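> next comes the sequence, and after it the predicted model I'd like to discuss.
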Amino acid sequence: MIRNIAIIAHVDHGKTTLVDAMLKQSSIFHAKEQVQERVMDSLDLERERGITIMAKFTGIFYEGAKINIVDTPGHSDFGGEVERTLGTVDGVLLLVDAAEGPLAQTKYVLRKALGLGLKPIVVINKIDRPDARPLEIVDKCLDLFIELGADDDQLEFPVLYASARNGYAKRDLDDPEVDLKPLFDAIISEIPAPKGDPQAPFQMLISSIDWDDYVGRIAIGRIKNGQLTVGQTVTVIDPDGNEHNEKVAKLYQFVGLSRSEKASAQAGDIVAIVGLDEISIGCTLADPEHRAPLPFVKVDEPTVTMDFLVNDSPLAGQEGKYVTTRHLHDRLHREAYANISMRVEDGPTADTWHVSGRGELHLAVLIETMRREGYEFAVSRPRPIFKKDENGQVLEPLELLTVEVPEEFLGTVMEHLGSRQGKLLDMIHSESGTVRLEYDIPARSLLGFRSLFLTETKGYGVMHHIFNGYGPYRGDIPKRNHGVLVAYEAGVATVFGLYGAQDRGTLFITPGTQVYEGMIVGETGRPQDIDINVTKKKHLTSLRAAGSEEAMRLSPPPEITLEKALEYIESDELIEVTPKNIRLRKRILNRQERLRRQKWGQHEK
Ligand SMILES: Nc1nc2c(ncn2[C@@H]2O[C@H](COP(=O)(O)OP(=O)(O)OP(=O)(O)O)[C@@H](O)[C@H]2O)c(=O)[nH]1
Ligand SMILES: [Mg+2]
């Protein structure tokens, strides 16, 4: 008996923690084995950020049944991961935080699941929270199902109350808190068995591609019909209808944290296949005698794009392992293969690419992953992808923004959002003194908004946003109102040089930093950029003059993380990314050239 489920929810509502508990209680691990928290979040970046980035498969056995589980990410930038994996399952556990209730991404993922006709089980999670209000939240879930046009059957959704962290679930709030048995039982009884026919000709859709240094490409998906045996020849049909034959070298099923090798598998099971070289997500594998492609659900389009460039700064090639056009070309195109909501297009010159994704974080994760792999390159500021309607009117991507702020910050926050062309949709005051606002706002207005928002609300504000369709261009929004301090010549920044520069603004670098002409070393308080020499050495004659180096106090520079840099730079600037450093720079490094362009108003887009 097989059951295939995905766990879907808004970010942080406890999906990965629930998978931990399910794995532990299904005796996948030995009783004494120490299992780390959020064990499915296996990527370095996932552990560091505490969020799931890629959807992942696992499987457990429960009373003779095999339950395949997909843990999906809740952050809206990774919605493509949810979309591509929902095709492998027959039902979903919709997790909803017992205090927060359904939020933006809850709606998004539920819409996708209902659209595919999947059977939902609602799990009200974190009922151990002191501020939990499970019954109220169930009502809100019902409202959400109705709003999304659920059919009568779907409206009869089963509800469980759970604490993933404490490892229990129950059908009734009055039931004792024991273990996850009630949840396992609900999965077996409520989620339909996979449809498919084991006797029919073999057919399978690939919904995930993994990479292993030893065995190469691993194709993952659910067998729709028929049987698959090691050594079998299958016809690979790509989404454009091209066909070729390949042989299945190895077959695995998912058990706990590993894959276990199998000789054969049949309709309904989710398997991983080794040996297929020319394969991508959306391909169908079929019996060579009966070649019929399976439909592949198109995922939502990217909304943000940015340029990736070969690093041409004077410090290029010193810190990265992979720096050439060839390296970057191959790596970026490989990404587009496995990361289906990402697009990679060759740019106007051989050393530029346009990379588009579903949000800043989606792109930032790629940049961070590449720099850790040893790549070195430059990136531009992210820009929203505009469209035109049939009358030629320019449309821009809009976001549904939800912010929650303590009342005292309400005025400032509303002012900022208003000036950024946000339209207020809803305002709810809660008893605890916080206000929840909902805005319809251009995506470009949110570039750089998060850090401002956190500063303005002293860290007390919470914000989430999610793509809300395209709408007519809303007009100008305020730009960065500070110019930058730009290094005047190449060298090493000195205490003396920086001390002098400090009067002109806030510095981003410390003494000893390598700089070059055109590199951004700080921010001014004024709208214009200032070119400045930070490599200046003190003249010998003034050595004994007032203010020896020890007396020159420099304020510590703010930390420039990749995400901050992406939010910060303007269109005539770039970020130089290497495994060791993140540097900000002007696109045009030469000062004369920059001034000349400025004069003629030839700003690069
Ligand atoms: N109090 C309480 N906290 C929980 C519970 N389940 C999860 N958490 C906490 O909620 C936070 C987020 O948990 P995750 O399991 O990473 O949430 P997620 O849904 O996988 O998050 P994304 O994958 O990033 O969308 C962690 O700090 C968990 O410890 C629960 O039942 N009760
Ligand atoms: Mg997670």
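Perfect, thanks for sending it. Ligands and ions are numbered 1, 2, ... in the order given.
> what residues of stretch 284-303 count as buried?
284-287, 291, 293-294, 296, 299, 302-303 (16 or more other C-beta atoms under 10 Å). Every residue, glycine included, has its C-beta placed from N, CA and C.
> just how off-centre is the helix or strand Asp153 falls within within its chain?
For Asp153, the host element (DSSP states H and E) is helix 152-155. Offset of helix 152-155 from its chain centre (C-alpha atoms, centre = their mean, to the nearest Å): 31 Å.
> cool, and stretch 243-251?
31 Å.
> quick one: terminal-to-terminal distance for it?
By C-alpha to C-alpha, to the nearest Å, the extent of stretch 243-251 from end to end equals 21 Å.
> out of the buried residues of stretch 284-303, which two sit at the greatest distance?
Within the buried residues of stretch 284-303, Asp287 and Thr303 form the most distant pair, 39.0 Å apart (C-beta to C-beta).
> measure Gln227 to Met204 for me?
Distance, Gln227 to Met204, by C-beta to C-beta, to the nearest Å: 10 Å.
> these two - which one has more neighbours?
Shown here are Gln227 and Met204; by other C-beta atoms under 10 Å, Met204 has more neighbours (28 against 17).
> give me the mean pLDDT for the host helix or strand of the more buried one.
Using DSSP H and E, Met204 maps to strand 203-212. Averaging pLDDT along strand 203-212 gives 89.
> and the helix or strand that comes right after it, what does it pack against?
The element immediately downstream of strand 203-212 (helix or strand, assigned by DSSP H and E) is strand 216-225. Counting contacts by 3 or more C-beta pairs under 8 Å, 6 or more residues apart in numbering; DSSP states H and E, strand 216-225 is packed against strand 203-212, strand 270-274.
> tell me the most buried of those strands?
strand 270-274 (a mean of 23; mean count of other C-beta atoms under 10 Å).
> next, the angle strand 203-212 makes with that strand.
60 degrees (axes from the mean of the first three to the mean of the last three C-alpha atoms, to 10 degrees).
> can I get strand 270-274 in CSV? Just the C-alpha atoms.
As requested, the backbone C-alpha atoms of strand 270-274 are provided in CSV (Å, rounded to 0.1, in the frame of the first residue of the first chain):
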residue,chain,number,x,y,z
ILE,A,270,8.1,7.8,-6.1
VAL,A,271,11.5,6.7,-7.3
ALA,A,272,14.9,8.1,-8.2
ILE,A,273,16.6,6.8,-11.4
VAL,A,274,20.3,6.8,-12.3
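> on that earlier part again, out of the buried residues of stretch 284-303, which is nearest to ligand 2?
Using C-beta to the ion, Val299 is the member of the buried residues of stretch 284-303 that lies nearest ligand 2, at 19.4 Å.
> how about Glu399, nearest residue that isn't a chain neighbour?
Nearest in space to Glu399, with sequence neighbours left out and distances taken as C-beta to C-beta, 6 or more residues apart in numbering, is His465 at 4.3 Å.
> next SSE downstream of the longest strand seen in the chain?
When the chain is scanned for its longest strand (criterion: DSSP state E), the result is strand 394-406. Using DSSP H and E, the helix or strand that follows strand 394-406 towards the C-terminus is helix 410-419.
> got the phi and psi for Phe377?
For Phe377, the backbone dihedrals (degrees, to the nearest 10) come out as phi -170, psi -180.
> got a list of what it touches?
308-311, 320, 323, 328, 370, 577 (C-beta atoms under 8 Å, 6 or more residues apart in numbering).
> ok, Ile209 touching Gly282?
No. In this structure Ile209 lies outside contact range of Gly282 using C-beta atoms under 8 Å: 10.0 Å.
> what segments of the stretch 501-605 of the chain are strands?
Here the stretch 501-605 of the chain has its strands, by DSSP state E, counting those that start in this stretch, at 505-507, 514-515, 519-524, 530-532, 573-577, 582-586.
> near ligand 2, which residues of the stretch 1-150 of the chain are found?
By C-beta under 5 Å from the ion, the residues of the stretch 1-150 of the chain that approach ligand 2 are 15-16, 52.
> mind redoing it with 6 Å?
The interface of the stretch 1-150 of the chain toward ligand 2, taken as C-beta under 6 Å from the ion, is made up of 15-16, 41, 52, 71.
> who wins for neighbours among the residues you listed?
Lys15 (29 neighbours).
> Provide the secondary structure category for the residue lying closest to that one once chain neighbours are set aside.
Closest residue to Lys15 apart from its sequence neighbours, by C-beta to C-beta, 6+ apart: Ile7 at 4.5 Å. Classification of Ile7 by DSSP: H, G, I helix; E, B strand; the rest coil places it in strand.
> return the residues in contact with Ile7.
Taking C-beta under 8 Å, 6+ apart, one finds 15, 18-19, 69-72, 92-93, 95 in contact with Ile7.
> so how many other residues sit close to the closest residue in space to Glu576 that isn't next to it in sequence?
Spatial nearest neighbour of Glu576, excluding adjacent residues (C-beta to C-beta, 6+ apart): Arg583 at 4.2 Å. By other C-beta under 10 Å, 24 other residues sit near Arg583.
> re earlier: chain center to the strand holding Met204: distance?
Taking mean C-alpha positions (C-alpha atoms, centre = their mean), strand 203-212 and its chain are 20 Å apart.
> compute the inter-axis angle for that strand and strand 216-225.
Put simply, strand 203-212 runs at 160 degrees to strand 216-225, going by the same axes, to 10 degrees.
> extract the C-alpha trace of stretch 17-37 and format it as CSV.
The C-alpha trace of stretch 17-37 is given here as CSV (Å, rounded to 0.1, in the frame of the first residue of the first chain):
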residue,chain,number,x,y,z
THR,A,17,9.7,20.0,12.1
LEU,A,18,6.7,17.7,11.4
VAL,A,19,8.7,15.6,9.0
ASP,A,20,11.4,15.2,11.8
ALA,A,21,8.7,13.9,14.1
MET,A,22,7.2,11.6,11.5
LEU,A,23,10.7,10.1,10.7
LYS,A,24,11.4,9.6,14.4
GLN,A,25,8.2,7.9,15.1
SER,A,26,8.2,5.6,12.2
SER,A,27,11.3,3.8,13.5
ILE,A,28,13.4,4.9,10.6
PHE,A,29,16.0,5.8,13.1
HIS,A,30,17.3,3.6,15.9
ALA,A,31,15.9,4.5,19.3
LYS,A,32,19.2,6.0,20.5
GLU,A,33,20.3,7.6,17.3
GLN,A,34,20.7,11.4,17.7
VAL,A,35,18.9,13.1,14.9
GLN,A,36,19.4,16.8,14.4
GLU,A,37,16.6,19.2,14.2
